[in-house]
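> pasting the structure only:
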């Protein structure tokens, strides 16, 4: 049975949310950065279907208003990260995939890209390309399953915090805007902790 990749891409796209900053005032005004209580954190975890990593949980208990980290809050739209348009809430409970797990699929997709020359009379080319393009979009969306877009680094780059799966608590740099890679953050050769990242927050943590 052939997958309908267009339908799957559309389904996954519904897991994203608009930034709170672009929401109506009634929604926006109730979403503020402030320390959360244990009860509120538990409520957020239940609503989002995840368990926050320990260091991030401690941060939520004392989070400050200042800074560029997207803050977790509850608005009329529910629990979410203020200012974030990239986190896919529909995939938050799905384990974050290590890049090694999808490289073969991506290579296969590249090799299967429909080209006009494959369709001498161009019949079927458009439909084949649209399905291939949708399959590629699905792969790209699933690359950040189980991760929160914690900070917008500008120029299409972002910092990810993994919240689900064996890599929970780790931080990654989404550099797909230029290098088409999602790279782990390291400090002195070891995976950087959330607490250390809060202090450094620099691209020198990326192992280019």
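Yep, it's here. In this text, all values refer to a predicted model and were calculated from it rather than measured experimentally. Numbers count the residues shown, from 1 in each chain.
> Can you check which strand is longest in this protein?
Looking across the chain with DSSP state E, the single longest strand is strand 147-154.
> What residues sit buried inside that one?
147, 148, 149, 150, 151, 152, 153 (16 or more other CB atoms under 10 Å). Quick note: C-beta positions are derived from backbone N, CA and C, even for glycine.
> try stretch 56-76
Buried residues in stretch 56-76, counted by 16+ other CB under 10 Å: 56, 57, 59, 60, 63, 69, 70, 71, 72, 73, 74, 75.
> Is the fourth one in a helix, a strand, or coil?
Here residue 60 is recorded as helix under DSSP: H, G, I helix; E, B strand; the rest coil.
> three-state assignment of the spatially closest residue to it that is not a sequence neighbour?
For residue 60, ignoring the flanking residues on the chain, the nearest one in space by CB to CB, 6 or more residues apart in numbering is residue 36 at 4.8 Å. Here residue 36 is recorded as coil under three-state DSSP.
> Which pLDDT does the model give residue 36?
Per-residue confidence (pLDDT) for residue 36: 93.
> circling back: now the longest strand of the chain, how far from the chain's geometric center?
8 Å (CA atoms, centre = their mean, to the nearest Å).
> Could you verify that residue 139 is part of a helix?
Yes. Residue 139 forms part of a helix when assessed by three-state DSSP.
> re earlier: for the helix or strand that the longest strand of the chain is followed by, give me every contacting residue.
The first helix or strand that comes after strand 147-154 along the chain, using DSSP states H and E, is strand 157-162. Outside strand 157-162, the residues that touch it by CB atoms under 8 Å, 6 or more residues apart in numbering are 53, 56, 86, 96, 144, 146-153, 168-175, 177, 182, 185, 194, 197, 201.
> Filter these down to just the ones in strands.
147, 148, 149, 150, 151, 152, 153, 171, 172, 173, 174, 182.
> how does the protein divide into domains?
The chain breaks down by automatic domain parsing into domains covering 13-96+144-205, 99-142.
> Return the most buried member of the ones you listed.
Mean neighbours per residue, mean count of other CB atoms under 10 Å, is largest over these for domain 13-96+144-205, with a mean of 17.
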